[in-house]
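*Asks:* task: produce atomic coordinates for the following.
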Amino acid sequence: MKRIFLLALIVLICLSSCQKGGNEILTLPAIFNNNMVLQQDSNVPVWGKANPGEEITVSANWDEDASAITENDGKWQVKIQTPKAGGPYEISVAGKNKTIIYKNVLIGEVWVCSGQSNMEMPMKGWPPNDLIEGSEEAIKSGENPYIRLFTVKRTISDKPENDCIGNWTECNPQMVADFSATAYFFGRKLSENLNIPIGLIFTSWGGTPAESWTPGSELKSMDDYSDDVEHIKNARAQIIVLNEWLATLDVINMAELEGDDIWKNLEFNDAENFSDELDDADWYTMELPGRWEDTDFGEFDGAIWFRKTITVDKKDGVYKLELGPIDDMDVTYFNGKKVGGYEADGFYSMHRAYDIPAELVRNGENIIAVRVIDNRGGGGFWGTPDLMKFQSNENSKNAVQLAGNWKYMPVAEFRNESFKIFGTNNKSFKNRPKLDIGLTASTPTTLFNGMINPIIPFGIRGAIWYQGESNVGRAAQYGELFPLMISSWRKYWNQGNFPFYFVQIAPYTYGKPDRSQYLREAQLNTLSLINTGMAITTDIGNVNNIHPANKKEVGERLALWALNKDYGFTDVVPSGPLYKSMKIEGKKIRIFFDYADMGLKSDGNNLSHFQICDIKKNFVHAKAKIDGNSVVVWNDKITEPIAVRFGWSNTAEPNLFNNAGLPASTFRTDNWMD
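*Replies:* You can find the predicted model right below:
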């Protein structure tokens, strides 16, 4: 009887302990790790989880320590004073039953590096078209133990997450090759000038808009997004059901694969989809060309098969199948035989044109099958209808036009670096739980939740940002959204108005409906926020490639702002000329600039891309001449000028610089939305 009583008592104690969280193990988020850099000369937060009511002590071997008692939910946080830059040090975090020791810790300057593909673009580039100038030498010379790199794994979430996947590493050639080129060049410039440790936290995702990086609590203040935030909140139960269903599927974790061919020959249990004998009567229908995000199918990253039956009046000779550019990758079949494909990053703009041997072509019905993989941003066929055709090389007049309705079926969903495999044998996509919202990297708040919140409130000096291309066409909205995003980061970090330096998007052939000059203007106006700075790139873009190759200059121009504003290098000019004011002088207009005190210059040619207008508001080409630190603008046919525009087009590459060699931002003196 006594034994039974004791056993019951032990069980009760165990149950009580479990109910109080007694099985919690001391943990800290991934942002704390060996090799990390902590912000110098500041009270840096350190936080984690353990048992409720447990005392946690953080000790650093520069003779600082702090302690805290965990809350009822097990969370705890302390702040510990860091010294001037130096190291390496050790930090221990001790609870009742566990101690964690972090080694090789440096004290220095920590910067968050975020944005979309131009920030994401690694030093090794995305061959064959998206390459980085000087990458070979930068990678070769990348050994630097005093620069530390942390990459946040790409993650979307409908709610703020408390942790991420990532590790701090010392800078070496292999890490540099895979790290953001812009972020690395920024950090290297700081390291060369400050000669202290630099920590770079890289958290970026190509093709994503600014609203994805903004917390819902702040985003709901904008009328354009208040419904989205509410829909995400209301869909939370649906999202849980979907996530539970996805968890039952087979997975390919792309983060575990290595090499240049990781996207080739991926197995999605879908081999029958290219067969010319497949019955696709129950497949969905989509009109091509077009990105699927612009159709009723909506937001989706993953693998989708497309099929189309065409009728051919067969002739002798080789045929050609043309599909236009496909975002991002494809494998293409004709009558069940593979005829081509691009299964690697970097080919999203490549026109697909595949030779079809005559023996594959049948007189009458023929089947085209294409598996498209999209791993970021928009996905699908995004050319023009005239680029999609099937024809004999000897007779282009009888081309079969391929634009129009195609059958499609998703076979895998790409989420957080992994494919969730639907396959086709049981048509499992049709069983996928439905969401009332799209939930991808382009969905508002998802990247703040999954890739920014997990590193807050880690001690930082500031942030650099390279984004805007995905918001082109919504410039007026961006003018409110971008400052809100910056302010919200500062609010959540609770470290004051820390520096936030960003890149103005470069000239590119966006097309008339997406006039990027308005987006550049929205970025220019964001400089009204305290402690912001803008790297201008009108002279180092590529109007035919949205991923310009000169990331060294971009990173270093961002560093100029930090050196001047944060590190006391007052002789460093941080910016090219920024429009300040205008003055009408008879038949001419004089333009004044900030950051022109040392004078202005051109590239040796006459100043370009100035326009002027009178009361009729019809802008015409203008002549322009440098006069000290101002520019005088005129047109002989305009006798009563009222406004000037500079670089006012998608592709303008003007040639006005200050004597520090930095280009002027595009601008307009009017405020008419034409």
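
*Asks:* using PDB, write out every CA atom in stretch 318-330.
*Replies:* C-alpha atoms of stretch 318-330 as PDB (Å, rounded to 0.1, in the frame of the first residue of the first chain):
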ATOM      1  CA  VAL A 318      12.800  20.100 -88.900                       C
ATOM      2  CA  TYR A 319      10.200  21.900 -86.900                       C
ATOM      3  CA  LYS A 320      10.700  24.500 -84.100                       C
ATOM      4  CA  LEU A 321       8.700  24.800 -80.900                       C
ATOM      5  CA  GLU A 322       8.800  28.300 -79.400                       C
ATOM      6  CA  LEU A 323       7.300  29.200 -76.100                       C
ATOM      7  CA  GLY A 324       8.700  32.600 -75.200                       C
ATOM      8  CA  PRO A 325      10.400  33.200 -71.800                       C
ATOM      9  CA  ILE A 326       9.400  30.900 -68.900                       C
ATOM     10  CA  ASP A 327       9.700  31.900 -65.200                       C
ATOM     11  CA  ASP A 328      11.700  30.200 -63.800                       C
ATOM     12  CA  MET A 329      12.500  26.700 -65.200                       C
ATOM     13  CA  ASP A 330      11.100  24.300 -67.700                       C
END
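
*Asks:* next, the buried residues of it.
*Replies:* Judged by neighbour count (16 or more other C-beta atoms under 10 Å), stretch 318-330 contains these buried residues: Tyr319, Leu321, Glu322, Leu323, Gly324, Pro325, Ile326, Asp327, Asp328, Met329, Asp330. Yep, even glycine has a C-beta here, placed from its N, CA and C like the rest.

*Asks:* of those residues, which belong to strands?
*Replies:* The strands, defined by DSSP state E, take in Tyr319, Leu321, Glu322, Leu323, Gly324, Pro325, Ile326, Asp327, Met329, Asp330 from the buried residues of stretch 318-330.

*Asks:* mind putting the residues you listed in TSV, distance to Met534 and pLDDT included?
*Replies:* Formatted as TSV, those follow (distance: C-beta to C-beta, whole Å; pLDDT from 0 to 100):
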residue	distance to Met534	pLDDT
Tyr319	51	93
Leu321	45	96
Glu322	41	96
Leu323	39	97
Gly324	35	96
Pro325	31	95
Ile326	34	96
Asp327	29	91
Met329	34	95
Asp330	37	97
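
*Asks:* spatially central residue in the chain, please.
*Replies:* Gln116 (1.9 Å; C-alpha atoms, centre = their mean).

*Asks:* ramachandran angles for that one?
*Replies:* The phi/psi pair for Gln116 (degrees, to the nearest 10) reads phi -110, psi -150.

*Asks:* tell me which other helices or strands the longest strand seen in the chain touches.
*Replies:* Under DSSP E, the strand in the chain containing the largest number of residues is strand 99-115. Helices and strands touching strand 99-115, by 3 or more C-beta pairs under 8 Å, 6 or more residues apart in numbering; DSSP states H and E, are strand 37-39, strand 86-94, strand 144-151, helix 181-194, strand 198-204, strand 462-466.

*Asks:* need the CA coordinates for the longest one. PDB is fine.
*Replies:* In other words, helix 181-194. Output in PDB follows, covering the C-alpha atoms of helix 181-194 (Å, rounded to 0.1, in the frame of the first residue of the first chain):
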ATOM      1  CA  ALA A 181      27.000  40.400 -53.500                       C
ATOM      2  CA  THR A 182      25.600  43.800 -52.500                       C
ATOM      3  CA  ALA A 183      25.700  43.100 -48.800                       C
ATOM      4  CA  TYR A 184      29.200  41.700 -49.000                       C
ATOM      5  CA  PHE A 185      30.600  44.700 -50.900                       C
ATOM      6  CA  PHE A 186      28.900  47.000 -48.300                       C
ATOM      7  CA  GLY A 187      30.400  45.100 -45.400                       C
ATOM      8  CA  ARG A 188      33.800  44.800 -47.000                       C
ATOM      9  CA  LYS A 189      33.900  48.600 -47.600                       C
ATOM     10  CA  LEU A 190      33.100  49.200 -43.900                       C
ATOM     11  CA  SER A 191      35.700  46.700 -42.800                       C
ATOM     12  CA  GLU A 192      38.400  48.300 -44.900                       C
ATOM     13  CA  ASN A 193      37.600  51.800 -43.500                       C
ATOM     14  CA  LEU A 194      36.800  50.900 -39.900                       C
END
